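Participant: Got a predicted model here, sequence first, then my questions.
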Amino acid sequence: MDIQVFIEGVSDLQVAKDIRNRLRLVSRGIRRAGEFSALVAPSETRGQWDFGVRGPSSHYFASFTTEIDRLPALVGDQLKACFS
């Protein structure tokens, strides 16, 4: 699975790098054809985050509340969940 990762609102460069790395690692284990994109961004609801994935024939969206340092693990779990 090919995935492009877009991150907004994460000023900590290490956390942003960890998010990209986690999503790319998880995507290697998902057997889906086509190009996919993932977006991690602050939600319009204060204190929450949005995570979205778009592919050739599907899309997935989730909102959740978490601390910024937990984002990499949580978005990795969300990516797994949207393809299971």
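Facilitator: Looks like it came in fine.
Participant: Run through the strands of the chain in chain order.
Facilitator: Secondary structure of the chain (DSSP state E): strands located at 2-7, 35-42, 48-54, 59-65.
Participant: can you name the farthest residue from the center of the protein?
Facilitator: When distances to the mean C-alpha position of the chain are computed (CA atoms, centre = their mean), the maximum falls on Arg46, with 18.7 Å.
Participant: Ramachandran angles for that residue?
Facilitator: Main-chain dihedrals, Arg46, degrees, to the nearest 10: phi -60, psi 130.
Participant: so what's it scoring on pLDDT?
Facilitator: We have a pLDDT of 78 for Arg46.
Participant: cool, and Leu74?
Facilitator: According to the model, Leu74 scores 96 on pLDDT.
Participant: ok, now the one 4 residues further on?
Facilitator: At Gln78 the predicted local confidence, pLDDT, stands at 95.
Participant: Could you measure from the residue farthest from the centre of the chain over to Val5?
Facilitator: Between Arg46 and Val5 the distance is 24 Å, computed by CB to CB, to the nearest Å. C-beta coordinates here come from the backbone N, C-alpha and C atoms, glycine included.
Participant: Of all the strands of the chain, which one is nearest Lys17?
Facilitator: When the strands of the chain are ranked by proximity to Lys17, the top entry is strand 2-7, at 9.4 Å, counting by CB to CB.
Participant: Relative to that closest one, what are the paired strands and their orientations?
Facilitator: Next to strand 2-7 in the sheet, as set by DSSP bridges, lie strand 35-42 (parallel).
Participant: buried stuff in the strand it pairs with?
Facilitator: Judged by neighbour count (16 or more other CB atoms under 10 Å), strand 35-42 contains these buried residues: Phe36, Ala38, Leu39, Val40.
Participant: Mind listing residues that contact it?
Facilitator: Contact with strand 35-42 is made by 1-10, 19, 23, 27, 48-56, 71, 75, 79, as judged by CB atoms under 8 Å, 6 or more residues apart in numbering.
Participant: so Asp2 makes contact with Arg31?
Facilitator: No: taking contact to mean CB atoms under 8 Å, the distance of 11.9 Å between Asp2 and Arg31 leaves them out of contact.
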